[in-house]
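# Got a sequence here, can you model it:
(3 chains)
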Amino acid sequence: MSQENRISGGQIDRSKTWRFTFDGVSYQGHPGDTLASALLANGVRLMGRSFKYHRPRGPLSAGSEEPNALVQLRSGARQEPNTRATVAELFDGLEATSQNAWPSLKFDAMAINDRLNTFFTAGFYYKTFMWPASFWEKVYEPIIRRAAGLGALTRQEDPDDYDKGFLHCDLLVIGAGPAGLSAALTAGRAGARVILADEDFRMGGRLNAETLEVGGQPGADWALGAVAELSAMPNVRLMTRTTVIGAFDHGIYGAVERVSDHLAVPAKGKPRQTLWRIYSRRAILAGGATERPIAFENNDRPGVMLAGALRAYANRWGVAVGDRVAVFTNNDDGLRSAMDLKARGVDVVAVIDARKDGDLLPGVRHLKGAEVVDTAGRLGLKSVTIRQADGRTETVAATALGVSGGWNPNVNISSHHRSRPVWDEGIQGFVPGEDGPPGLTAAGAAAGVLSTHGALAGGQAQAVAALADLGIAAKAGDLPRAEDAPVSIVPKWYVSGGKGRAWIDPQNDVTLKDVKLAQKENFSSVEHLKRYTTLGMATDQGKTGNVLGLAVMAGLTGKTIPETGTTIYRPPYTPVAMGTLAGRSRGKEFKPFRLTPSHKWAEEQGAVFVEVGMWLRAQWLPRPGETHWRQSVDREVLATRKSVGICDVTTLGKIDIQGTDAAAFLDKVYANNFASLAVGKCRYGLMLREDGIVYDDGTTARMGENEYVMTTTTANAVLVFRNLEYARQVLWPEMDVQLISTTEAWAQFSVAGPNARKLLQKVVDQDISDAAFPYMGAGNITVGGVRARLFRISFSGELAYEIAVPTRYGDALVRRLMEAGQEFDAIVYGTEALGVMRVEKGHVAGNELNGQSTALNMGLGKMVSKKKDSIGMVLSQREGMVDPNGYRLVGVKPVDPKGQLTAGSHFLEHGAAPVIENDGGWLTSKVYSPHLGCDIALGYLKAGDQKIGKRMRAVNLLAKTETEVEIVSPHFFDSEGERLRG
Amino acid sequence: MIINHPILGPRDSQEFVYLGSAELMNRPDGMTTGVEAFHNWLYNRDNPAGEHRELWYHEQGDRSWLVVTRNTVTHEIRSVELARDVAKAMGRTK
Amino acid sequence: MRYSGFRVIAEALTGHKGWKPVWRDPAPQAEYDFVIVGGGGHGLATAYYLAKEFGQARIAVIEKGYLGGGNVGRNTTIIRSNYLLDGNEPFYEFSLKLWEGLEQDFNYNAMVSQRGILNLIHTDAQRDAFTRRGNAMILNGADADLLDREQVRAMYPWLNFDNARFPIKGGLAQRRGGTVRHDAVAWGYARGADMRGVDLIQNCEVTGMRIEQGRIKGVETTRGFIGAKKVGVAVAGSSSKVMAHAGMRLPMESHVLQAFVSEGLKPLIDGVITFGAGHFYVSQSDKGGLVFGGDIDGYNSYAQRGNLPVIEDVAEGGMALMPAIGRARLLRTWGGIMDMSMDGSPIIDRTPVEGLYFNGGWCYGGFKATPASGWCFAHLMAKDEPHKVARAYRFDRFLKGLMIDEKGQGAQPNLH
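Predicted structure coming up:
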């Protein structure tokens, strides 16, 4: 039996038949179907289970507000949990499975919860599971966690791509129903740049689901014509399958385009979805309205639906959800559903109308002043029990029941800036508040105007007004003729008197009783109601249940709905895949790589690289036969100290500073004195934050009278430059000083070791003898005619230079240096060897420059000049920062040379218990010194300068190890500095 | 957010780095100001709910420091000025 | 009324007729001994402990909106005591110990769930820093474990180990960390305070402070003047606004922090994971939603909402760390207003106005601090001296240069 519930008509392409499966059973559908419409056409009403009670559920709606019909779509790594069958576009071969049910959708063991529902009231878990305390994690919670959740992720990497993009427009129109189309036509004809976005795969909104006429033709046909006209306008961009998810600041909207979700797999090179950031000058919310249910007993059975959804399935998809249909309504729109169904040949067995007055519908059993008090049918609706105006009850066989409690304008996006919607008594619904996102207005049903004519007129009027703001004249032309029925509705939120459960939020199983309990326990503010009962927290975000819930609370507390208030909606409008929000920034592409000029060469040498911020740097460069990283690093260190080593230090920040006030400027930004620096010399400089903490160090060279070259640490290159600009523009705006970051303009190499000069002299064009280029000298030179900079500075403690050439020559330079260095057995060393040599010399680096340490802590207190006003000078003198017993940088050696040190270990005295009161400080950096043949470390030790020579314990409580250490000077190697001056 | 740069026109705020209140522009002279006043300048803020003058840096752009007058409740921006111009008008010199 | 499993069963069998309001809605009295401004987690905890632990009476909590509507109701529910610095770690460890006994103490199941927190390590420098931190934690009586890469893989084999821009090299775990059902914390304290006679007054906004000769006399509110011998302000996010009524400028800025939850999913993440190389941390609620967050938006804001760039940034971090969540859907975002202090640490202190006390500057660490914050603030207000674990949280630490700067970012609040 195939598509037993398919009736004639609708906007599906019957010339093609597609096969799909649900829980392994094969069915047929057509292009234009959703998964829900196709399943309903095949007589499948049961599509899911509810969250708490595991109640059998079918679709409530025909749109994105769907709370019940959630399935897992696709399989394998593309498995996608919690997909709303009502908006999942059918494709040939679609696979879907049910979720949150075991062993099967029809026989779900967890439905035991439904039997025990009297125990599982709102918030019951706050009142129990407290004894014994340890049972929560061990017993109760694991059971709850296993039972909770809806669909499942496979734990495999998502194989699809996602894109992001920017769009700009004069007018963004959100929703392509009659109001949105009218607005877009008006603006498009006026020449404005328009984006019209609709979440559906077919534009037209409710017009596609109605039999109403617009301009003398079926509404859906009018919509096709409007879309055709808009498509021809070059200034209009039509975006179907595109949900505007949020209104952000200054007219920026987020939108998700489902580029490939209607295909089995994305086409080659195409993303699954695209996140658009739409920069709009004005926007119109024409997102329509959502029908809401009425709460009555057992109103959640498969087959009980919103009346407008029943009508949509019949009109748009040619599906009669049931062979015998009843409608329960408190408003005229419910009657329209009944009449449309009847016109399609569906047997409408009763129209249960909560209103007592008004005309009776012709040709159907129209019961005035009646209500539905119960339903029956375990896995699908079988009958409806009606209480008539005179109190008589009667049970009527029905397989579908349409319920209409009125329509809620889709105000969501209008409240994304926390504007509160306001109550409209006429439609018994909330409409957008006044203080919504600037530049956004609402039109049509979203604004509470529920007739087709009102939508067309509102869309046009709002477009004219929005464009007038922008100085674009748009014409308010003749509107096509359309119905303009007034709203006739009486408030009817729930049916009272029953003993069973009446659902308000069906997915989270929030019932009338739960709201009553919340009120009884004084969780009666709307926020408490939401949080205590979980009303509106399900995947549908309360699109059908929120207003109903608070209306019930208003009734219980005797307040009006406006007095009771409303919660507000937050982005996103409908849930958004994490992959879409991340776009291409994942895996190795999470952040860009910055590569040094010698990267290619180092790669050829088999270098091991390490992430240093965004940079990749060579960590060490193994030679054949080296099997452990320490072998490589030890060799690099020893070779450098013995002869010469080369290291790419391009990553250091480099800033050219020029101007007649450059010297004065450096005196402001460095804590130590710079004005006295001679041309052709470098100096080590220390930078403080205004709070007196050291944040960076480096050398700055005076290349000319008013020209300086500053280097910064790799980590702070960007920050230092930012701060210098701040000092220049904001603090001392009249200084004549200019800055340019040249970090990426110069490839820079350190050449260190006793043979450094000999090697360099072979490469550079000038004389660099000690006399011509003394220690801390700096100057412009050439290398084979290429301009270069040379600095005689040392981080390793050896005779050393840093040589810089324009970046494009960096690769050539490292090759040239290695070639020239062959006779000296020159090596290239990586960051590990660099680290070893700097610890041997007691230089501070990242682990010591931790943003928490002062110059005094580092043993550099004397560098902070009090004779001038520099950044950080004043506050570095605060009493807590000049404590003579504060932390001081020390060197640490194991007493037993075989003893191992661990950075991060803490200092304890001998015999002291491992408690915080005895904490002496910690080891900041640790290396193995091949020179000294043992581990060495730097550390911050309380009053460390008074403890040189003392023995303590370096304790690592994480590994339960400790090592006896001797506190020594941080200058482990050549403390007199003879080698650097060599 | 969109910041209307006085030289470059409207720019996405993602191009900028935020520092904080423009009160920070009133840096006292370190040679004549004691710890208490200096600390008061660096640490204490008006932190208003409403109009707020604040410093933004066009890091992914022309490196201008800007003074943006923005409402901290609505995020609406009323004016954007070059911080250097503001600083000079305040009498800041060398 | 005492809550228990027996009570739930008994009520279920008798039609739930016996449940009582969890708190009263009293009208404000003319005067109290203690007025706590702010009915969020910290304010309610303060009132609860004042009554229960410090034997005080005549206490009111006044709240401009609804109880628990501040940041206690809009956070990512994480508890931990994995701090580094001496000023912080004893306080947060005290707080964690209070969490461990909280439900039995206030007879409300706040779902304190110690499923562990794991801070991932991506660089050698991070390992050094976490080793220092882990040792400091143990020295303070907390628990800490340093894990290598394979130990992390054993816990979460589906994290991105093979194709990562910033490879996972290990992690610092605190097994006693975890999550708590945040709203229930506010409700449990509120109920416990109400049962002990504390007046919880909702929809009552402070509009001014009456100060005479340097001494607090009470607060002006939208429901009239309320006299008080002592006033304690615990209004995270609104601290500068409320304290301006006393003429104070505070060392803090207000910033928006967004948080996120996904649709419900079957169990995926057991504990809490933080990804330091990106801006992302995540746990999974008992309902199945992935609860996650990242950085603050970064500009001063009282708007309780954020912008798209941070949402994208957080999602990027999430996908970089766990590429299996690509098809999970973000369900809801929200924003809370943080008092971002100048060193990233809070203040619990007296003020220059006698009888006026201040509690704030929690940055985005306030939730985990709730029990200890309430206890220490109650201690300060009842005894007029700071509790020993909170004695570093003074206003004058900035003047004295005794900042408690865990991140080492200095006086720039949006970097903490």
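# Please save the CA atoms from the one helix or strand C:Pro309 maps to in CSV.
C:Pro309 is part of helix C:308-321 when elements are defined by DSSP states H and E. Output of helix C:308-321 as CSV, limited to C-alpha atoms (Å, rounded to 0.1, in the frame of the first residue of the first chain):
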residue,chain,number,x,y,z
LEU,C,308,27.7,37.2,16.1
PRO,C,309,31.6,37.3,16.0
VAL,C,310,31.9,35.8,19.4
ILE,C,311,29.3,33.1,18.6
GLU,C,312,31.3,32.2,15.5
ASP,C,313,34.6,32.3,17.5
VAL,C,314,33.2,29.9,20.1
ALA,C,315,31.8,27.6,17.4
GLU,C,316,35.2,27.6,15.7
GLY,C,317,36.9,26.6,18.9
GLY,C,318,34.3,23.9,19.4
MET,C,319,34.8,22.4,15.9
ALA,C,320,38.6,22.7,16.2
LEU,C,321,38.5,20.6,19.3
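# Check the average confidence over that helix, would you?
The average pLDDT within helix C:308-321 is 97.
# In that helix, which residues are buried?
For helix C:308-321, burial by neighbour count (16 or more other Cβ atoms under 10 Å in any protein chain shown) applies to C:308-321. (Each C-beta comes from the backbone N, C-alpha and C, glycine too.)
# tell me which of those is nearest to A:Lys52?
For these, the minimum distance to A:Lys52 (Cβ to Cβ) is 27.5 Å, reached by C:Gly318.
# Report the contact partners of the residue lying closest to that closest one once chain neighbours are set aside.
Distance criterion Cβ to Cβ, 6 or more residues apart in numbering or on different chains; nearest residue to C:Gly318, sequence neighbours excluded, is C:Phe280 at 5.1 Å. Applying Cβ atoms under 8 Å, 6 or more residues apart in numbering or on different chains, we find C:Phe280 in contact with C:Thr274, C:Phe292, C:Gly293, C:Gly294, C:Val314, C:Gly317, C:Gly318, C:Ala320, C:Leu321.
# Would you list the phi and psi of whichever residue of the stretch 1-150 of chain A sits closest to chain C?
When distances are taken as Cβ to the nearest Cβ, the stretch 1-150 of chain A reaches nearest to chain C at A:Gly149, 2.9 Å away. Main-chain dihedrals, A:Gly149, degrees, to the nearest 10: phi 80, psi 160.
# What score does it have for pLDDT?
89.
# again, but for the one 4 residues further on
Confidence at A:Leu153, expressed as pLDDT, is 95.
# and the gap between it and A:Asp332?
45 Å (Cβ to Cβ, to the nearest Å).
# Of those two, give the one with the bigger neighbour count.
Between A:Leu153 and A:Asp332, counted using other Cβ atoms under 10 Å in any protein chain shown, A:Leu153 has the larger neighbour count: 24 against 17.
# hang on, the more buried one packs against A:Glu80?
No - the pair A:Leu153 and A:Glu80 does not pass the contact test of Cβ atoms under 8 Å, sitting 9.0 Å apart.
# ok, now which ones touch the closest residue to chain B within the stretch 51-200 of chain A?
Nearest to chain B, among the residues of the stretch 51-200 of chain A, is A:Phe166, at 8.7 Å (Cβ to the nearest Cβ). The contact partners of A:Phe166, taken as Cβ under 8 Å, 6+ apart, are A:Trp276, A:Arg277, A:Ile278, A:Tyr279.
# can you rerun that using 6 Å?
In this structure, A:Phe166 makes contact with A:Arg277, judged by Cβ atoms under 6 Å, 6 or more residues apart in numbering or on different chains.
# Quickly find the element holding it.
Per DSSP H and E: strand A:162-174 holds A:Phe166.
# remind me, longest helix of chain A?
The longest helix of chain A (DSSP state H) is helix A:452-469.
# Now do that helix against strand A:162-174, angle only.
100 degrees (axes from the mean of the first three to the mean of the last three Cα atoms, to 10 degrees).
# got the buried residues for helix A:452-469?
In terms of neighbour count (16+ other Cβ under 10 Å), helix A:452-469 has its buried residues at A:452-464, A:466-467.
# and which of those residues is nearest to chain B?
For the buried residues of helix A:452-469, the nearest to chain B is A:Ala466 (17.9 Å; Cβ to the nearest Cβ).
# so what's the closest one closest to, chain neighbours aside?
Per Cβ to Cβ, 6+ apart, closest to A:Ala466 is A:Arg282, 3.9 Å.
# and if you look at C:Asn140?
C:Glu89 (4.3 Å).
# Assess the claim that the one you found and C:Ile138 are in contact.
No - the pair C:Glu89 / C:Ile138 is not scored as a contact, 10.0 Å apart, by Cβ atoms under 6 Å.
# does chain A sit close to the stretch of helix or strand C:Ala173 belongs to?
Using DSSP H and E, C:Ala173 sits within strand C:170-174. No - figure legend: strand C:170-174 not in contact with chain A (Cβ under 6 Å from any Cβ of the partner chain); closest approach 8.5 Å.
# Residue in chain A with the shortest distance to chain B?
For chain A, Cβ to the nearest Cβ, closest residue to chain B: A:Asp869, 3.4 Å.
# neighbours around that residue, how many?
17.
# A:Gly880 versus that one, what's the distance?
Plainly put, A:Asp869 is 22 Å away from A:Gly880 if you go by Cβ to Cβ.
# before we move on, what about C:Lys266?
From C:Lys266 across to A:Gly880, the span is 52 Å (Cβ to Cβ).
# More neighbours: which of those two?
Neighbour count, other Cβ under 10 Å: between C:Lys266 and A:Gly880, C:Lys266 has more, with 18 against 15.
# Wait, the more buried one touches A:Gly149, no?
Yes - look at C:Lys266 against A:Gly149 with Cβ under 6 Å: they come within range, at 4.1 Å.
# Run through the bridge partners of the residue nearest the centre of chain B.
Centroid-nearest residue in chain B: B:Leu55, 2.2 Å away (criterion: Cα atoms, centre = their mean). With DSSP bridges applied, B:Leu55 shows beta-bridge pairing to B:Gly20, B:Val67.
# Just confirm it contacts B:Ser21, I think it does.
No - under the criterion of Cβ under 6 Å, B:Leu55 makes no contact with B:Ser21, lying 7.5 Å away.
# still on that earlier bit, find me the pLDDT at the residue nearest to the centre of chain B, would you?
98.
# Just the pLDDT at A:Asp974, thanks.
Note for A:Asp974: predicted pLDDT of 89.
# Over to it: give its phi and psi.
For A:Asp974, the backbone dihedrals (degrees, to the nearest 10) come out as phi 50, psi 60.
# Surely it touches A:Gly797?
Yes - under the criterion of Cβ under 6 Å, A:Asp974 makes contact with A:Gly797 at 5.4 Å.
# For chain A, which residue occupies the most central location?
Nearest to the geometric centre of chain A sits A:Leu581, at 5.7 Å (Cα atoms, centre = their mean).
# circling back to that earlier point, residues touching the helix or strand just after the strand holding A:Phe166, excluding its own?
Sequence order places helix A:178-189 as the next helix or strand after strand A:162-174, per DSSP H and E. Applying Cβ under 6 Å, 6+ apart, the contact partners of helix A:178-189 are A:171, A:173, A:194, A:196, A:207, A:226, A:230, A:233, A:236, A:284, A:286, A:443-444, A:452, A:455-456, A:458-460, A:462-463, A:467, A:474.
# and if you look at stretch B:87-94?
A:Val730, A:Trp732, A:Pro733, A:Glu734, A:Met735, B:Met25.
# Please enumerate the helices of chain B.
B:35-43, B:83-89.
# Turn those into JSON lines, columns for mean neighbour count and mean pLDDT.
Below are the helices of chain B laid out as JSON lines (neighbours: other Cβ atoms under 10 Å in any protein chain shown; pLDDT from 0 to 100):
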{"stretch": "helix B:35-43", "mean neighbour count": "18", "mean pLDDT": "97"}
{"stretch": "helix B:83-89", "mean neighbour count": "18", "mean pLDDT": "98"}
